[in-house]
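Chemist: sequence and computational prediction follow.
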Amino acid sequence: PRKATPITSRLLLLTTLAPLALMPTAALAAEENAPETSKIRLPNLNEVPLEVQTERPPKKTESKNSFEIRPRWRVQYDVGKVSPPANVTAPDMGTNDILRRAYLGVDVKFGGGLSARVEGDMATADPEFVDAYVAYDTKHFNITAGQQKMFQSLDDMTSDLNTSFAERAAFVQAFGFTRRLGLTSTYKKDALMLQGGLSTEPLIGLNDVKSNSLAAHGRVVWAPKMGDAQVHLAASAHWRDRNDLANTGLRYRARPFVRTTDTRFVSTPSLRVAKELGYGVEAGAVMNRFHATGEAFWVRPDIVSGTAYSTTNPNLWGGYAEVGMFLTNDKRPYKGGTWGTVKPKKAFGSGGIGALQLNARYDYLDLNSAGFKGGKQTALLGSLVWTPIEQVRFSANYGRLNYKDGVIAASNGDRDYHVNSMLFRFQVFY
């Protein structure tokens, strides 16, 4: 189908989502602004005879199967700076800003365990769907159909509202983790959770799926409580047949932990990838104010026979190790195999300053393989996150990135150097 223009897509997506998101607000406003004559006046029970009071019908309680619709939105605004050595020339260096995300959507509960979510991102030049799915939940089982995440890593499964750093691990971006159109199921009982699904490509704007690729995903999570500690251990495997997309070149690459630049200092050459096999391991623990977490993920691309690098059998991988602590009396929430939303015990304006969190991370990405050098990136990262109230967050991030075999050479030909990156983010959501 013809791809909609940016203006057309934005108007169509806004037309779809805005009325739904504003329905509860409009209804509440109409009730509050109604004239006195139109409002229902309830009798004063103190003026009703006692025998009448005792015959009142029982108080109605809201049914668990009642219909509910809730708007949801978020805004994330970034100011970032990338500082390479003086003898390295690259575009988009220095200080830049970006509207990182501007989501607008709705959550709908139909009752009986059936729900839906539709959400779009207005920050992109051509607005596109983020989540768009229908789900059915029971006590131990979930099935979801539509565009959604595919269980690819703890860092990726955790909402961008709740990550300890503004940008996720380098391998999440380099290996193309994203929401995809598909069908998934989850079984959870006690500390065990099993997840699996099938997917194709993401929805792009209001267009249909643009390829016939097919992927299978599986993840096993064991999350026991050990004394005061919540433990997370998991492993996942992913297989993807790109089908017609094998005729399109694919690069594995990553930005320097900011989205204010499109420059990548590590990147593979364009590869004609027919199939991909990926697998990862995850570990984490949280106890009182402290948490620790780490992951590793490997991708083995199967390159089309007879094309460049088809005999190299690339094996690319990345990972990270992280520790963090709250300087306030707060704790990092964990639920359902992901990190959750921080809710300050003493919010700003309610007797406290909110939640203040300090994090440190070592991040590694290796895009070198036999036959080509995409570069190696190691990063020492630090972040300070202030959550004055649950819905508002400020994050300051710093990264010291070291490159070996970088794809951008210095003026003297050197490809081994370091880059500094800084990022400040403000976010608000509902």
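Modeler: Cool, got the structure.

Chemist: so residue 193 bridges to which residues?
Modeler: Beta bridges link residue 193 to residue 188, residue 221 when assigned by DSSP bridges.

Chemist: per-residue confidence at the residue lying closest to residue 247 once chain neighbours are set aside?
Modeler: The shortest distance from residue 247 to any non-neighbouring residue, by Cβ to Cβ, 6 or more residues apart in numbering, is to residue 272 (7.3 Å). Heads up, the C-betas are built off the backbone N, CA and C, glycines and all. Per-residue confidence (pLDDT) for residue 272: 96.

Chemist: shift numbering so it begins at 40
Modeler: Sure, I'll start counting at 40 from here, so that last one is residue 311.

Chemist: measure residue 311 to residue 340 for me?
Modeler: 9 Å (Cβ to Cβ, to the nearest Å).

Chemist: coming back round to it: pull the number of nearby residues for the residue nearest to residue 286.
Modeler: Other residues near residue 311 number 20, with proximity taken as other Cβ atoms under 10 Å.

Chemist: report the contact partners of it.
Modeler: The contact partners of residue 311, taken as Cβ atoms under 8 Å, 6 or more residues apart in numbering, are 285-286, 288-289, 342-343, 346-347, 349.

Chemist: ok, now residue 147?
Modeler: When contacts are counted by Cβ under 8 Å, 6+ apart, residue 147 touches 106-109, 154-156.

Chemist: partners of residue 255 in the sheet?
Modeler: Beta-bridge partners recorded for residue 255 (DSSP bridges): residue 237, residue 278.

Chemist: what does residue 395 give?
Modeler: Bridge pairing for residue 395 - DSSP bridges - gives residue 425.

Chemist: quickly find the element holding residue 210.
Modeler: Taking DSSP states H and E as the definition, one finds residue 210 inside helix 209-213.

Chemist: so what touches that helix?
Modeler: With Cβ under 8 Å, 6+ apart as the criterion, helix 209-213 contacts 191-192, 194-195, 206, 291-294, 296, 305, 334, 336, 355-359, 402-404, 406, 416, 418.

Chemist: quick one: which of the residues you listed sit in strands?
Modeler: Among the contacts of helix 209-213, the members falling in strands (DSSP state E) are 292-293, 305, 334, 336, 355-359, 402-404, 406, 416, 418.

Chemist: what's the farthest-apart pair in these?
Modeler: For the ones in strands among the contacts of helix 209-213, the farthest-apart pair by Cβ to Cβ is 292 and 334; their separation is 19.1 Å.

Chemist: pull the CA atoms of stretch 334-348 into PDB?
Modeler: Taking C-alpha atoms only, stretch 334-348 is exported to PDB below (Å, rounded to 0.1, in the frame of the first residue of the first chain):
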ATOM      1  CA  GLU A 334      22.700  -9.600  30.700                       C
ATOM      2  CA  ALA A 335      24.500 -11.000  27.700                       C
ATOM      3  CA  PHE A 336      23.000 -11.600  24.200                       C
ATOM      4  CA  TRP A 337      24.500 -13.200  21.100                       C
ATOM      5  CA  VAL A 338      23.300 -13.000  17.400                       C
ATOM      6  CA  ARG A 339      24.400 -15.400  14.700                       C
ATOM      7  CA  PRO A 340      23.400 -14.000  11.200                       C
ATOM      8  CA  ASP A 341      23.100 -16.500   8.400                       C
ATOM      9  CA  ILE A 342      24.300 -14.600   5.300                       C
ATOM     10  CA  VAL A 343      22.900 -15.300   1.900                       C
ATOM     11  CA  SER A 344      25.200 -17.700   0.000                       C
ATOM     12  CA  GLY A 345      27.300 -16.100  -2.600                       C
ATOM     13  CA  THR A 346      27.000 -12.600  -1.200                       C
ATOM     14  CA  ALA A 347      29.700 -10.600   0.600                       C
ATOM     15  CA  TYR A 348      30.800 -12.200   3.900                       C
END
